[in-house]
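Undergrad: sequence below, structure please.
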Amino acid sequence: GMGGRELGAMVEDFESIATEVIARHHGRVVKTVGDGVLFTAASPVDAVEIGLALPEVWDTEERPPLRVGAAYGAVLTRLGDVYSPVVNLASRLTSLARPGTVLVDRELAQRLRGLADYRVRPLRRTSVRGYDHLQPWLVRRRPPGEEDNPFEGMLDELADDVLDRPEDEGA
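TA: You can find the predicted model right below:
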């Protein structure tokens, strides 16, 4: 329902805010594509901090909420762009994320689990283009003052074991 000028202004705001948040957390903007941004980060924590901060900074009544997907792995950098199955995986996770949430792949989730600042939870496997049994993980900030519960880690490990079973074994 926006006019061209309004939409243009919103895209410019998005690019400006995204660039600032990404740079603040040691990331690099690879490219923007309309209402999306592809970025790389120096570490798993930097990547998830960008993913958590972007929707928070962007959030206002007038703007649509952001969804974030992030994946961990090697990429090939060529002429400023990045190429890898990891890029496609992050895109698929973004398409699955609910507004205002951050979904990550198993590799990134494993690097975040056990860190006191985050709650990392497995979600139900799903099929998307190119991935028959994609396992998304939801990442949230752990509320201030909430201590790490050792049972959470045990439950995550149990969920991980169940999620790793071949389909013919059942869950």
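
Undergrad: beyond the helix ranked longest in the chain, next helix or strand please.
TA: The helix of greatest length in the chain, counted in residues with DSSP state H as the criterion, is given as helix 4-24. In the C-terminal direction, the helix or strand that comes right after helix 4-24 (DSSP states H and E) is strand 27-33.

Undergrad: just checking: what are the partner strands of the next helix or strand after that next one?
TA: Reading on from strand 27-33 to the C-terminus, the next helix or strand found by DSSP H and E is strand 36-41. On the basis of DSSP bridges, the sheet neighbours of strand 36-41 come out as strand 27-33 (antiparallel).

Undergrad: got the angle between the partner strand and helix 4-24?
TA: Regarding strand 27-33 and helix 4-24, their directions subtend 160 degrees when assessed with axes from the mean of the first three to the mean of the last three C-alpha atoms, to 10 degrees.

Undergrad: what residues does strand 27-33 touch?
TA: Judged by C-beta atoms under 8 Å, 6 or more residues apart in numbering, the contacts made with strand 27-33 from elsewhere in the structure are 14-15, 18-19, 22-23, 37-42, 46-47, 50, 80-82. To be clear about C-beta, it is placed using only N, CA and C from the backbone, and glycine gets the same treatment.

Undergrad: enumerate the positions of the longest helix of the chain that are buried.
TA: When burial is assessed from 16 or more other C-beta atoms under 10 Å, helix 4-24 yields the following buried residues: Phe14, Ile17, Ala18, Thr19, Val21, Ile22.

Undergrad: same question for stretch 129-140.
TA: The neighbour-count check on stretch 129-140 (16+ other C-beta under 10 Å) flags Tyr131, Leu134, Gln135, Pro136, Trp137, Leu138, Val139 as buried.

Undergrad: send the alpha carbons of that stretch over as PDB?
TA: As requested, C-alpha coordinates have been extracted for stretch 129-140 and formatted as PDB (Å, rounded to 0.1, in the frame of the first residue of the first chain):
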ATOM      1  CA  ARG A 129      13.600 -26.100  -2.000                       C
ATOM      2  CA  GLY A 130      16.900 -27.900  -2.000                       C
ATOM      3  CA  TYR A 131      16.600 -29.300   1.500                       C
ATOM      4  CA  ASP A 132      14.300 -32.200   2.200                       C
ATOM      5  CA  HIS A 133      14.800 -32.300   6.000                       C
ATOM      6  CA  LEU A 134      16.000 -28.900   7.000                       C
ATOM      7  CA  GLN A 135      16.600 -28.600  10.800                       C
ATOM      8  CA  PRO A 136      16.100 -25.000  11.900                       C
ATOM      9  CA  TRP A 137      17.200 -23.800  15.300                       C
ATOM     10  CA  LEU A 138      15.500 -20.800  17.000                       C
ATOM     11  CA  VAL A 139      17.900 -18.400  18.700                       C
ATOM     12  CA  ARG A 140      16.900 -15.800  21.400                       C
END
